[in-house]
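Kindly generate the corresponding structure for this input.
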Amino acid sequence: MWFSNLICYKFKQEISYQQDEFEKALEQDIFRPCGSQDLSTFGWTKALGKHGQMLSHFSQKSILVCAKREEKVLPAAVVNELVAEKVEQIEIDENRPVKKKEKDEIKENLLHSLLPQAFKKSNLQFAFIDLEKGWLVVNSGSFNKAEELLALLRKSLGSLPVVPAFVNFDLGLFLTDWLTNMSPPEGFAIGQDADLQEADENGAQVKLKQHDLSSDEVQKHLENGKQVTKLALDWNERIKFMLAEDGSIKRINYSEVLKDENADIPKEDMVVKLDADFILASEELKLMLEDLLTSLGDAEAE
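Numbers count the residues shown, from 1 in each chain. Model (predicted):
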């Protein structure tokens with residue numbers, strides 16, 4: 001329940017989901033394992049895993065959902081080698097070159113024959129919806145993967161009126177200003193990691209880790225025109241994270257004080273513990289995100 005990366009969206013209008021209706025909507029796209037000829041499948045699975053029964057978990061004005069993807073593993077190198085062997089054999093036996101169209105057909109036939117015996121791998125993608133402030137937060141560091149979950153949710157619900165949460169802000173300018181003046185927003189502190197890049201897309205890059213970002217060396221990079229593309233921040237000494245100019249939030253680290261708040265819940269009662277951890281983590285993340293939006297000048301977040 002402790003999200004490690006965030007791709008954040010905001011609903012464009014007030015929302016109100018009822019659990020029974022929401023659950024029935026998700027059931028339309030429930031996860032199913034790959035069939036013999038499926039390359040991959042993607043669908044909803046139990047939000048609390050083996051400890052729950054529902055596809056959605058409603059708790060304190062938030063909804064937790066989990067999508068599962070299963071994929072067949074067919075290493076490209078192995079497939080290409082088999083195709084090359086088949087092509088070579090045809091050219092020898094029939095004394096003719098094999099053209100691209102025929103090569104593609106050979107590859108497709110090979111894939112169909114290999115799929116039933118291919119290994120499978122799966123992964124889970126969590127997200128939560130905040131019914132109060134209108135957040136939709138995906139536990140992912142990739143916009144592409146987050147959009148896959150959104151597409152599935154949109155398919156299940158019929159509509160999903162959301163936009164990227166930071167789409168109206170030039171985060172690179174904010175990050176650069178905060179580091180240049182060592183003046184992060186109220187409640188935030190600058191950490192020790194940052195990525196800098198020259199304005200040119202192919203310009204020089206500087207990656208700083210465990211570095212004194214107030215040093216003269218860093219300031220010289222900024223004076224020479226480099227922009228901050230990623231910056232480590234600490235929110236109220238409770239959550240540390242890396243904010244990128246594209247709006248993604250990565251490498252989330254929760255303070256021990258925060259994680260210890262539910263330490264007294266016995267592990268034997270996993271449903272209670274998972275629910276408590278979800279409430280704790282989601283509420284903290286929502287407060288942090290609201291503070292971040294306010295610092296960018298979003299009047300609605302105030």
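
Could you give me the buried positions within stretch 97-107?
For stretch 97-107, burial by neighbour count (16 or more other C-beta atoms under 10 Å) applies to 98, 106-107. Using the backbone N, CA and C atoms, a C-beta is placed for each residue, glycine as well.

Please list the residues outside that stretch that contact it.
79, 83, 86-87, 90-91 (C-beta atoms under 8 Å, 6 or more residues apart in numbering).

Mean confidence (pLDDT) on that stretch, please.
When pLDDT is averaged over stretch 97-107, the result is 92.

got the CA positions of it in PDB?
C-alpha atoms of stretch 97-107 as PDB (Å, rounded to 0.1, in the frame of the first residue of the first chain):
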ATOM      1  CA  PRO A  97      16.300 -15.500 -51.700                       C
ATOM      2  CA  VAL A  98      13.600 -15.100 -49.000                       C
ATOM      3  CA  LYS A  99      12.000 -11.700 -49.200                       C
ATOM      4  CA  LYS A 100      10.800  -9.600 -46.300                       C
ATOM      5  CA  LYS A 101       7.100 -10.400 -46.600                       C
ATOM      6  CA  GLU A 102       7.900 -14.100 -46.400                       C
ATOM      7  CA  LYS A 103      10.300 -13.600 -43.500                       C
ATOM      8  CA  ASP A 104       7.500 -11.800 -41.600                       C
ATOM      9  CA  GLU A 105       5.100 -14.700 -42.200                       C
ATOM     10  CA  ILE A 106       7.800 -17.200 -41.000                       C
ATOM     11  CA  LYS A 107       8.200 -15.100 -37.800                       C
END
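
Just the buried subset of the contacts of stretch 97-107, written out for ChimeraX, thanks.
To isolate the buried members of the contacts of stretch 97-107 in ChimeraX, using 16+ other C-beta under 10 Å:
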select :83,86,87,90
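
pLDDT and distance to residue 259 for the contacts of stretch 97-107 - can I get that in TSV?
Below are the contacts of stretch 97-107 laid out as TSV (pLDDT from 0 to 100; distance: C-beta to C-beta, whole Å):
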residue	pLDDT	distance to residue 259
79	88	44
83	91	50
86	91	55
87	92	56
90	92	61
91	92	62
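
so which of the contacts of stretch 97-107 comes closest to residue 137?
Residue 137 lies nearest to residue 79 out of the contacts of stretch 97-107, by C-beta to C-beta, at 37.1 Å.

contacting residues for the closest one?
Contacts of residue 79 by C-beta under 8 Å, 6+ apart are 107, 110-111, 114.

next one: residue 119
72-73.

is it in a bridge, and if so with what?
residue 73 (DSSP bridges).

Find me the pLDDT at it, would you?
Note for residue 119: predicted pLDDT of 87.

likewise residue 66?
Reported pLDDT for residue 66: 98.

and it, how many neighbours?
23 (other C-beta atoms under 10 Å).

I'd guessed it sits against residue 45; true?
Yes. With contact defined as C-beta atoms under 8 Å, residue 66 reaches residue 45; the gap is 5.4 Å.

Can you check which residues contact both of these two?
With C-beta under 8 Å, 6+ apart as the test, residue 66 and residue 45 both reach 55, 124.

how about the strands in the chain?
For the chain, the strands defined by DSSP state E cover 7-11, 40-45, 56-59, 62-73, 119-130, 135-138, 162-164, 188-198, 205-208, 226-235, 239-244, 249-254.

which one of those strands has the most crowded surroundings?
Of the strands of the chain, the one with the most neighbours on average (mean count of other C-beta atoms under 10 Å) is strand 135-138, at a mean of 24.

So, low pLDDT: which residues of the stretch 151-300 of the chain?
298-300 (pLDDT under 70).

hmm, 80 instead?
The stretch 151-300 of the chain contains residues with pLDDT under 80 at 200-203, 267, 298-300.

And the helices in it?
171-180, 216-223, 256-259, 270-295 (DSSP state H, counting those that start in this stretch).

Tell me which of those sits nearest to residue 54.
Short answer: helix 270-295, nearest of those by C-beta to C-beta, at 10.9 Å.

how far does the closest one sit from the chain's center?
16 Å (C-alpha atoms, centre = their mean, to the nearest Å).

got it, and stretch 80-99?
43 Å.

what sits against the spatially closest residue to residue 226 that is not a sequence neighbour?
Of all residues not flanking residue 226 in the chain, residue 196 sits nearest, at 4.2 Å (C-beta to C-beta, 6 or more residues apart in numbering). Listed by C-beta under 8 Å, 6+ apart, the contact set of residue 196 reads 205-206, 208, 218, 221-222, 226-229.

Nearest to residue 137, out of those residues: which one, please.
Closest to residue 137, out of all of the contacts of residue 196 and judged by C-beta to C-beta, is residue 229, at 21.8 Å.
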